[in-house]
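Engineer: here are the coordinates; sequence isn't available:
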């Protein structure tokens, strides 16, 4: 439960060296979300930052088995601090781990909704790290995306480690709108050369009221959702650096990257497969094979059989392959909502909304926010009793991270459905 910073980096590699499984969790998670993750993974210790220490300690007091809380800051009475553990141990005494050992457990959301637990091994993460061939020891990688997310962990942390590059970590990058001036200052001062981000980051930097010299930047990558042409043009015009697209997933890390000599003509492409990744398109759906790919979803054998077969993974994303082997994404089967660089699973939010005793039925969806590539969370509700917007939003805020909480509430007498019972989302936008 750590934000970006040295404590996250130290903790991740300490756990890897000890043979433990790290479970990177968003420190903005509320108690219900955190308890779900802890229970699903059988967690026995939490390394908590200052912002999440109190909720972790409350959970530990009531937990059904001993749950240790290690603090990244000063330890409380009887507590254990990360600094104390570091002072009493020598990493040079650790033995190398086996490639087949689990190094971390993560959660992926997809077309089926609800988080799905998966395990990745030392060998799989090593294979991903070695695929970042565009990073070299002279590079300075700027990290403004969360390290607890696959994107930040792979394209920033693992890439820099494997290639001997310098990792420049921006602490507390969110809300990025309020910290974009700080981001520009760090990019210039640290002479960063590689910048993995999301379209939201690049749009806000292109429109920032302050200027910066980003002449050291040689590669910018955008992932998470499609990069619109307006954002691409605005960033290129402002800073003279094209933003290339990159494509990956929690199940396998980075899959493709646009390293084309002409990034302007190919701006819509997410590029060719990286490392030993193989990409095909079957009936319009992107299918991948990779030595970095997880073996399947834990405790979900039927879903694993459905989307993992013959060493391949059906991503749920739609696309086409160009003659040169590069991939262009054309859509998605998934219903995920893009909020400030995060992916929000509408099914998870919908479950919380529907659990309110005054809600008879509800549907959650994403609607345009007015900012390119960004959406707002909207709850369409059929009330069972008188219910104010404030009451429902507060109920959700107590159970969901802030970026998942509905910003718009609309009341309906019934949810529109087709004759076959399918929810007609287009009539609720």
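Structural biologist: Looks like it arrived, so ask away. Since the structure is predicted, the reported quantities are computational estimates derived from the model, not experimental observations.

Engineer: and residue 177, how many neighbours does it have?
Structural biologist: Per other Cβ atoms under 10 Å, the neighbour tally for residue 177 reads 12. Placement of C-beta: from N, CA and C, glycine included.

Engineer: which strand or helix spans it?
Structural biologist: helix 176-189 (DSSP states H and E).

Engineer: tell me which strands and helices whatever helix or strand comes next after that helix is in contact with?
Structural biologist: Helices and strands here follow DSSP H and E; after helix 176-189, the next one along the chain is strand 194-197. Contacts defined by 3 or more Cβ pairs under 8 Å, 6 or more residues apart in numbering; DSSP states H and E place strand 194-197 against strand 140-143, strand 219-222.

Engineer: of all those, which one comes closest to residue 108?
Structural biologist: strand 219-222 (20.2 Å; Cβ to Cβ).

Engineer: can you tell me what sits against that closest one?
Structural biologist: With contacts defined as Cβ atoms under 8 Å, 6 or more residues apart in numbering, strand 219-222 is touched by 134, 155, 193-199, 201-202, 231, 235, 241-246, 257-258.

Engineer: who does that strand pair up with?
Structural biologist: strand 194-197 (parallel), strand 243-249 (parallel) (DSSP bridges).

Engineer: what mean pLDDT does the longest one have?
Structural biologist: Same thing as strand 243-249. In this model, strand 243-249 carries a mean pLDDT of 96.

Engineer: cool, and the shortest one?
Structural biologist: Regarding strand 194-197, the rounded mean pLDDT is 97.

Engineer: any idea which helix or strand comes after it?
Structural biologist: Taking DSSP H and E, what comes next after strand 194-197 is helix 199-206.

Engineer: in CSV: the helices and strands packed on strand 194-197, plus mean neighbour count.
Structural biologist: Below are the helices and strands packed on strand 194-197 laid out as CSV (neighbours: other Cβ atoms under 10 Å):
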stretch, mean neighbour count
strand 140-143, 24
strand 219-222, 25
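
Engineer: and residue 321, which of the ones you listed is closest to it?
Structural biologist: Short answer: strand 219-222, nearest of the helices and strands packed on strand 194-197 by Cβ to Cβ, at 20.1 Å.

Engineer: who touches stretch 342-351?
Structural biologist: 109, 113-115, 224, 335-338, 362-366, 377, 379, 396, 400, 403-406.

Engineer: what residues are up against residue 146?
Structural biologist: Per Cβ under 8 Å, 6+ apart, neighbours of residue 146: 3, 4, 26, 152, 173, 174.

Engineer: picking up where we left off before, quick check: buried residues in the helix holding residue 177?
Structural biologist: Within helix 176-189, the residues that qualify as buried are 176, 179, 180, 182, 183, 184, 186, 187, 188, counting by 16 or more other Cβ atoms under 10 Å.

Engineer: could you list the low-pLDDT ranges of the stretch 101-250 of the chain?
Structural biologist: 109-114 (pLDDT under 70).

Engineer: quick one on the thing from earlier: name the nearest of the buried residues of helix 176-189 relative to residue 276.
Structural biologist: residue 187 (31.9 Å).

Engineer: gap between that closest one and residue 200?
Structural biologist: In this view, residue 187 and residue 200 are 16 Å apart by Cβ to Cβ, to the nearest Å.

Engineer: contacting residues for the residue nearest to residue 101 when sequence neighbours are not counted?
Structural biologist: Counting by Cβ to Cβ, 6 or more residues apart in numbering, residue 101 lies nearest to residue 122, which is 5.4 Å off, once chain neighbours are set aside. Shown in contact with residue 122 (Cβ under 8 Å, 6+ apart): 16, 97, 98, 99, 100, 101, 103.

Engineer: what's the most distant pair in the residues you listed?
Structural biologist: Top of the distance list for the contacts of residue 122 (Cβ to Cβ): 16 and 100, 13.8 Å.

Engineer: comparing those two, which residue is more hemmed in?
Structural biologist: A count of neighbours by other Cβ under 10 Å puts residue 16 above the other of residue 16 and residue 100, at 18 against 9.

Engineer: residues in contact with the more buried one?
Structural biologist: Taking Cβ under 8 Å, 6+ apart as the test, what residue 16 contacts is 22, 97, 103, 104, 122.

Engineer: go again using 10 Å as the cut-off
Structural biologist: Counting by Cβ atoms under 10 Å, 6 or more residues apart in numbering, residue 16 makes contact with 22, 94, 97, 101, 103, 104, 122, 125.

Engineer: all set now, cheers.
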